[in-house]
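Starting from these lines, generate the structure:
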Amino acid sequence: MHGRAVNGSQLGKDYIQLKSLLQPIRIYSRASLYGPNIGRPRKNVIALLDGFMKVAGSTVDAVTWQHCYIDGRVVKVMDFLKTRLLDTLSDQIRKIQKVVNTYTPGKKIWLEGVVTTSTGGTNNLSDSYAAGFLWLNTLGMLANQGIDVVIRHSFFDHGYNHLVDQNFNPLPDYWLSLLYKRLIGPKVLAVHVAGLQRKPRPGRVIRDKLRIYAHCTNHH
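All right, here's what the predicted structure looks like:
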């Protein structure tokens, strides 16, 4: 695949062709299609998504993309607490929603994968308690934006972003995921924190570190 490129329009036509190939086959006639599984929505990626949605927006059951929090090989523990870093996800959601709603308003959007770094994570950081702040922020922010499916890249033995270690012992993100699935219900509540708004000094942006996400309890 390296060294070859397909533009959004062609990728959309390929999805339509795939759908037509699946429909005559009984077992696959009602199969769902998801895509285009784009990466970080920079200018060229947004152009690809735009071309894809224009051609095949109605063909896919949900639009998928992947989010990477930290683009680099060297990270520190404090990077996982930077509000600027946490806010990159909300910026990406807005960019994806803008393109999707242009062609297929209301179409489902799924986060197909989330990693802490572009290199698959950092040993003793991405698989540690510190990375849990990014994971919880991801779950809370996406639910608040109406995105109801989040997929982890790997459960085991891929980079340093998995949920269990080499001996299948659960890592911190596993326990956070388990608690979230058991306790948190699908109804998201709007939460506004009073008293956090401050006037920034010239040339500075105030980013509050306190984040609150609220849901109704899981019915089960």
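
Low-confidence stretches in the chain?
1, 71-74, 116-121, 157-160, 195-208 (pLDDT under 70).

all strands of it, in order?
Using DSSP state E, the strands of the chain run over 34-38, 62-70, 108-117, 184-189, 214-217.

could those strands go into CSV alongside mean neighbour count and distance to Gly146?
Every residue, glycine included, has its C-beta placed from N, CA and C. Converted to CSV, the strands of the chain look like this (neighbours: other C-beta atoms under 10 Å; distance: least, C-beta to C-beta, whole Å):
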stretch, mean neighbour count, distance to Gly146
strand 34-38, 19, 17
strand 62-70, 21, 12
strand 108-117, 20, 8
strand 184-189, 14, 8
strand 214-217, 12, 13
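
any chance of those in CSV, plus distance to Tyr28?
Output for the strands of the chain, formatted as CSV (distance: least, C-beta to C-beta, whole Å):
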stretch, distance to Tyr28
strand 34-38, 14
strand 62-70, 17
strand 108-117, 20
strand 184-189, 29
strand 214-217, 35
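
Nearest to Gln92, out of those?
Nearest to Gln92 among the strands of the chain is strand 62-70 (5.9 Å), distances taken as C-beta to C-beta.

Neighbouring strands of the closest one in the sheet, and parallel or not?
Strand 62-70 has the following strand partners under DSSP bridges: strand 34-38 (parallel), strand 108-117 (parallel).

Tyr69 and Thr88 touch, don't they?
Yes: counting by C-beta atoms under 8 Å, Tyr69 touches Thr88, with 6.5 Å between them.

Around Leu183, how many other residues sit close by?
By other C-beta atoms under 10 Å, 10 other residues sit near Leu183.

what sits against it?
If you count contacts by C-beta atoms under 8 Å, 6 or more residues apart in numbering, Leu183 has them with Thr217, Asn218.

now swap in the one 4 residues further on and tell me
When contacts are counted by C-beta under 8 Å, 6+ apart, Lys187 is found next to His215, Cys216.

do the same with Phe155
Phe155 neighbours (C-beta under 8 Å, 6+ apart): His162, Leu163, Val164.

Would you check how far apart the last one and Pro172 are?
The gap separating Val164 from Pro172 is 11 Å, by C-beta to C-beta, to the nearest Å.

ok, now the first one?
In this structure, His162 and Pro172 are 11 Å apart, going by C-beta to C-beta.

Have a look at those two and say which one is more surrounded.
Taking neighbours as other C-beta under 10 Å, His162 and Pro172 compare with His162 leading, 21 against 15.

from what I can see that one touches Pro170, true?
No: in this structure, His162 is not within contact of Pro170 by C-beta under 8 Å, at 10.4 Å.

could you show me where the helices are in this protein, in order?
Along the chain, counting by DSSP state H, helices occupy 8-22, 43-56, 83-86, 88-103, 132-144, 172-183.

could those be laid out in a markdown table, adding distance to Val193?
A markdown table is the format used below for these (distance: least, C-beta to C-beta, whole Å):
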| stretch | distance to Val193 |
| --- | --- |
| helix 8-22 | 39 |
| helix 43-56 | 32 |
| helix 83-86 | 14 |
| helix 88-103 | 16 |
| helix 132-144 | 13 |
| helix 172-183 | 21 |
